[in-house]
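[1] how would this look folded up:
(2 chains)
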Amino acid sequence: MTDAATHEAHDDHPHVNYMAKFYWLVGLTAAEVGVAMYIEGGSKLFLLAFLSFWKAGIVLNHFMHLKTENLALKLAMAFPLVLIVVLFGLFTLDGYFLNYSAF
Amino acid sequence: MHAAAAPDLPRAMNHPFAGIDRKKLGMWIFLGSDAMGFTGLLGAYAVLRLSARDHWQEMVRDGKVEFINMEASRNLTFLNTFLLICSSVTMVLALKNLRLGNMGKFKVFLAGTMLGGIGFLSLQATEWTHLLHEGVTAPSGNFGGTFFMLTGYHGFHVFGGVCLLGWALVRGMKGVYSPQNSVGIEVVGLYWHFVDLIWILLFTLIYLLPGKGGPA
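    Now for the predicted structure:
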């Protein structure tokens, strides 16, 4: 492992069509706005979360190239992700039940 | 030199991250820890918002409780989100063109990314100014407090990214980067995409899930 790793004069990810990913991101954002404006109730939260994670997946996998990274790096990055989900879940539960703390 | 003091190079090169440049690995580790910082703030937001129930998007002004209308702010933010998505694409195209040896396009896309960041900050400043004129301030209530903290912390990251992009652009102009030396740009790109990634979550939580009690 060197500080200034050298690469061949080629694109490491020639198969990725970045413009297609851009159109997906714009389309998913438009879908999010549509959901936010026209859908109410529990399905709104579910759909918005689904669309957000889809967008985040595109950025992580194709723009940050995590999809083609070393497995060890993917696992190392999965660790904070698991911590984030657990921590955010605990915060959410705390907030939800805060009004019932008198019990 | 004593023979036993010599490092065991084959073993050292065999660790799980051996194939990854250390600048890139360092940036990934930084992003993992930075994501935890955002999680703390978003967690505080979740606790305060959920415990507020139907009184989230409110503030107290002149002794009266008022609903905070985010309609105008939301429209500006749609444009901001589009800008950030565009800048993420120009960033990845800058890296692609650098690796292909298209140095002119590399610099144009890198400059475009930086302009996207500056545009984002300008629109955010406009949004903040509008909200401050409406009386929404950090001490005006939990909504104002978490709004300015989260968007401010993210904006600070965008500002840092713009500075980093400017520095990379200057180095690019000086000919530091080449198809054989593109790791620096890849590392800057990782940071910039992370800023975009965080905005995806903030945009959904703050702007697309408005509180009850008013027309927004």
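
[2] low-confidence regions, chain A specifically.
    Chain A contains residues with pLDDT under 70 at A:1-14, A:99-103.

[3] where do the helices of it begin and end?
    A:18-38, A:42-58, A:71-97 (DSSP state H).

[4] can you name the residues that contact the most centrally placed residue in chain B?
    Nearest residue to the geometric centre of chain B (C-alpha atoms, centre = their mean): B:V195, 2.0 Å. Taking C-beta atoms under 8 Å, 6 or more residues apart in numbering or on different chains as the criterion, B:V195 is in contact with B:L84, B:H154, B:H157, B:V158, B:G161. All C-beta atoms are positioned from the backbone trio N, CA, C, and that covers glycine.

[5] so the first one sits against B:W199, correct?
    Yes: using C-beta atoms under 8 Å, B:L84 is in contact with B:W199, at 5.3 Å.

[6] distance to chain B and mean neighbour count added to the helices of chain A, as JSON lines?
    Listed next are those as JSON lines, based on distance: least, C-beta to the nearest C-beta, whole Å; neighbours: other C-beta atoms under 10 Å in any protein chain shown:
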{"stretch": "helix A:18-38", "distance to chain B": "4", "mean neighbour count": "16"}
{"stretch": "helix A:42-58", "distance to chain B": "5", "mean neighbour count": "16"}
{"stretch": "helix A:71-97", "distance to chain B": "3", "mean neighbour count": "14"}
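
[7] for B:S122, find the nearest of these.
    Nearest to B:S122, of all the helices of chain A, is helix A:18-38, at 19.9 Å by C-beta to C-beta.

[8] now do that closest one against helix A:42-58, angle only.
    160 degrees (axes from the mean of the first three to the mean of the last three C-alpha atoms, to 10 degrees).

[9] show me what helix A:18-38 packs onto, helices and strands only.
    Judged by 3 or more C-beta pairs under 8 Å, 6 or more residues apart in numbering or on different chains; DSSP states H and E, helix A:18-38 is in contact with helix A:42-58, helix B:71-100.

[10] which residues touch that helix?
    Against helix A:18-38 from outside (C-beta under 8 Å, 6+ apart): A:44, A:47-48, A:51-52, A:54-55, A:58-59, A:62-63, B:78, B:81-82, B:85-86, B:88-89, B:92-93, B:96, B:203-204, B:207-210.

[11] now swap in stretch A:54-65 and tell me
    With C-beta under 8 Å, 6+ apart, stretch A:54-65 has contacts from A:12-13, A:16, A:18, A:21, A:24-25, A:28-29, A:66-67, B:88-89, B:91-92, B:189-190, B:193-194, B:196-197, B:200-201.

[12] with only the CA atoms kept, save that stretch in CSV.
    Presented in CSV, the C-alpha positions along stretch A:54-65 are these (Å, rounded to 0.1, in the frame of the first residue of the first chain):
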residue,chain,number,x,y,z
TRP,A,54,-32.8,4.0,-2.8
LYS,A,55,-31.2,7.4,-3.6
ALA,A,56,-28.5,6.9,-0.9
GLY,A,57,-27.8,3.4,-2.3
ILE,A,58,-27.2,5.0,-5.8
VAL,A,59,-24.8,7.6,-4.3
LEU,A,60,-22.9,5.0,-2.2
ASN,A,61,-22.6,2.3,-4.7
HIS,A,62,-22.1,4.2,-8.0
PHE,A,63,-20.7,7.6,-7.1
MET,A,64,-18.6,6.5,-4.1
HIS,A,65,-17.9,3.2,-5.8
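
[13] all set now, cheers.
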